[in-house]
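**Student:** sequence first, predicted model second:
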Amino acid sequence: MSEKQDSIKGLAGRIVSSPNILDRMLKELSGPSRRGRQNAAAVIAQLAILKPEMLASHIDELKDALDYSEAQTRWETLDALARLVSIDLEACLGALQDAEDALFDEDNGLVRLAAFRYICAVGASSQELSLKVWPLLDEAIQCYHGDYEYQDMLAALIVYAESNLSDETKAALKERVSFDAEHGHGALKRRCQQIVEILS
């Protein structure tokens with residue numbers, strides 16, 4: 001773990017016991033400094049892992065951060081929002097359009113991956129939403145097959161497959177990964193086989 005990562009995790013841990021630090025992070029998240037926003041977003045993403053309920057009343061502020069141009073602020077914020085879907089789905093749904101835009105960001109794979117994870121989290125929340133977001137996930141699977149982030153996208157799809165998907169979504173997802181499950185190689189094949197097994 002790098003010194004910077006250790007510092008970010010340490011600060012997120014301090015917020016758990018000193019919530020007033022969160023106010024400072026949220027101010028930095030909407031502040032004028034690009035670096036400040038990035039650092040704040042990284043801390044907030046870590047807090048979403050440690051104690052997501054502390055962010056439940058700040059979802060609108062996180063959604064606003066998706067409008068900034070720098071990639072890191074967006075991917076860290078999307079990661080945080082993905083963890084908040086199970087806490088306040090309705091509030092998090094307001095980020096769906098921004099996540100769709102991020103999913104097809106041509107310049108940054110980490111932004112695309114974070115958007116994919118967020119959309120999977122939304123889709124996993126109900127059968128209706130699984131069907132609504134499936135076309136986005138399906139297009140992303142086809143667009144980014146073989147990209148560096150694709151293995152992590154498959155990991156997110158495994159969690160998605162384990163949720164309460166609609167029958168139509170299950171069938172479509174199974175069909176989409178079946179070729180790689182049969183003819184792929186290495187981790188790609190294993191993960192696609194795992195998805196097929198979950199859905200069978």
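**Tutor:** Arrived safely, thanks for sending.
**Student:** tell me which element Ala48 is part of?
**Tutor:** Assigned by DSSP states H and E, Ala48 falls within helix 34-50.
**Student:** in what helix or strand does Glu90 lie?
**Tutor:** helix 89-93.
**Student:** what do you get for Gln194?
**Tutor:** helix 186-199.
**Student:** packing partners for that helix?
**Tutor:** In terms of contacts (3 or more Cβ pairs under 8 Å, 6 or more residues apart in numbering; DSSP states H and E), helix 186-199 is packed against helix 150-161, helix 167-183. Every residue, glycine included, has its C-beta placed from N, CA and C.
**Student:** outside of it, which residues touch it?
**Tutor:** Residues from elsewhere that reach helix 186-199 (Cβ atoms under 8 Å, 6 or more residues apart in numbering): 150-151, 154-155, 157-158, 161-162, 165, 170, 173-174, 177-178, 180-181, 183-184.
**Student:** circling back: can I get the CA coordinates of the helix holding Ala48 in CSV?
**Tutor:** Presented in CSV, the C-alpha positions along helix 34-50 are these (Å, rounded to 0.1, in the frame of the first residue of the first chain):
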residue,chain,number,x,y,z
ARG,A,34,-9.0,19.9,-8.8
ARG,A,35,-6.5,18.2,-6.5
GLY,A,36,-8.6,18.9,-3.4
ARG,A,37,-11.7,17.5,-5.1
GLN,A,38,-9.8,14.3,-6.1
ASN,A,39,-8.4,13.8,-2.6
ALA,A,40,-11.8,14.4,-1.0
ALA,A,41,-13.5,12.0,-3.4
ALA,A,42,-10.9,9.3,-2.6
VAL,A,43,-11.5,9.7,1.2
ILE,A,44,-15.2,9.6,0.7
ALA,A,45,-15.0,6.4,-1.4
GLN,A,46,-13.0,4.8,1.4
LEU,A,47,-15.6,6.0,4.0
ALA,A,48,-18.3,4.4,1.8
ILE,A,49,-16.5,1.1,2.4
LEU,A,50,-16.0,1.6,6.1
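**Student:** contacts made by the helix or strand just after that helix with the rest, please.
**Tutor:** For helix 34-50, the succeeding helix or strand toward the C-terminus, using DSSP H and E, is helix 59-65. The list of residues contacting helix 59-65 from outside it, by Cβ under 8 Å, 6+ apart, reads 26, 29-30, 37, 41, 44, 55, 73-74, 77, 80-81, 84, 88, 91-92, 94-95, 98.
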